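1. Structure for this input, please:
(one chain, ligands or ions: 1)
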Amino acid sequence: MSNILDKILAEKEKEIEILKSTALRPIGSEKRSFHSHLHNTVELAVIAEFKRASPSKGDINMHRDPVSQALSYAQNGAAAVSVLTDQSFFKGDFKDLTLVKEAVNIPVLCKDFMIDETQIIRAEHAGADIILLIAAALNRKRLQELHQFAQELGFDVLVEVHNQAEAERAIDIGAKLIGINNRNLTTFHVDIAKTEELAPKIKKSGAYVISESGLKTSEDIERVKNAGANGILVGEAFMTADGVSEMFDRIKCSGKEHSSA
Ligand SMILES: O=C(O)c1ccccc1NCC(=O)[C@H](O)[C@H](O)COP(=O)(O)O
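-> Below you'll find the model as predicted:
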């Protein structure tokens, strides 16, 4: 039986067929740099996500407006906003990303499942500054090709990994921004120990580490900070909170300052 990632990727193949028929061309737009934010701070960088629904949780919050949510993220000190653009599994939309980009002045991450150059071009047209490449969805050659393609367009590229082999592949292709997903995409089990396991090797390579998924409490944040994370990616905890400031306070107050990459 195929896992959720296989199902999502099968859907993406269909989207790509349609996208290819539109023959979108790169526009070479100026991008906002998340990498330089990381370079210039010792604070834990927060990528705050707009996430209506997910395969693991079903509907998370169908009532939030993407622009108000993103403005609230930016006002509370987020370093970047992530917008889920996949419709079939996350109830996201590229229109959300464009609206968010126009509303805030921080970098915007297109959170999707990219396996083809056309998707990167579409993300550029929508206004994305950062794209995500999931190592589990790509062989080494395609990971390298898409990474290079996106970098040449001026994107920051967050390469997501979940095990040692994927982390080595990300390091090997020269990824400078590596996300450790604490969520197993097959079982949906979340374990923050993933960040503790993989961060030391990634840090040694000189890449910045972003801990992704399942982060809710001050203890969670303290653990990933202590593991060396330079940033965190948080969706559900922000989308289900009455207001986002409490979570930002938790992040600011947790533990000691992390070490830079
Ligand atoms: O969230 C899921 O259920 C999911 C399932 C399959 C593939 C990806 C999935 N999530 C994408 C993400 O990476 C998260 O949205 C992101 O890390 C934020 O996680 P959280 O703070 O736990 O909402």
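
2. tell me the contacts of the residue of the stretch 101-250 of the chain found nearest the ligand?
-> Nearest to the ligand, among the residues of the stretch 101-250 of the chain, is G235, at 2.9 Å (C-beta to the nearest ligand atom). C-beta coordinates here come from the backbone N, C-alpha and C atoms, glycine included. G235 is in contact with 49-51, 54, 60, 82, 84, 213, counting by C-beta atoms under 8 Å, 6 or more residues apart in numbering.

3. ok but L233 is inside a helix, no?
-> No. L233 sits outside any helix when classified using DSSP: H, G, I helix; E, B strand; the rest coil, being strand.

4. quick one: contacts for D129?
-> Counting by C-beta under 8 Å, 6+ apart, D129 touches 31-34, 80, 101, 107-109, 155-156.

5. Then F238?
-> Contacts for F238 (C-beta under 8 Å, 6+ apart) come out as 48-49, 69, 73, 244, 247.

6. again, only this time at 7 Å
-> Shown in contact with F238 (C-beta atoms under 7 Å, 6 or more residues apart in numbering): 48-49, 244, 247.

7. among the residues you listed, who's most crowded?
-> Within the contacts of F238, neighbour counts (other C-beta atoms under 10 Å) peak at A48, which reaches 30 neighbours.

8. Double-check L84 against P55; I have them as touching.
-> No. Here L84 does not reach P55: they are 11.2 Å apart, not a contact under C-beta atoms under 7 Å.

9. need the contact list for L185.
-> 3-5, 136, 162.

10. try it again with 10 Å
-> 3-6, 8, 55-56, 134, 136-137, 160, 162, 213 (C-beta atoms under 10 Å, 6 or more residues apart in numbering).

11. now for those, which pair is the farthest apart?
-> Greatest spatial distance among the contacts of L185 (C-beta to C-beta): D6 and S213, at 19.1 Å.

12. okay, those two: which has more neighbours?
-> Taking other C-beta under 10 Å, D6 and S213 do not tie; S213 has more neighbours (27 against 13).

13. Identify the residue nearest the more buried one in space, chain neighbours excluded?
-> R183 (4.0 Å; C-beta to C-beta, 6 or more residues apart in numbering).

14. rewinding a little: near the ligand too, which of the contacts of G235?
-> Residues of the contacts of G235 in contact with the ligand (C-beta under 6 Å from any ligand atom): 49, 51, 54, 213.
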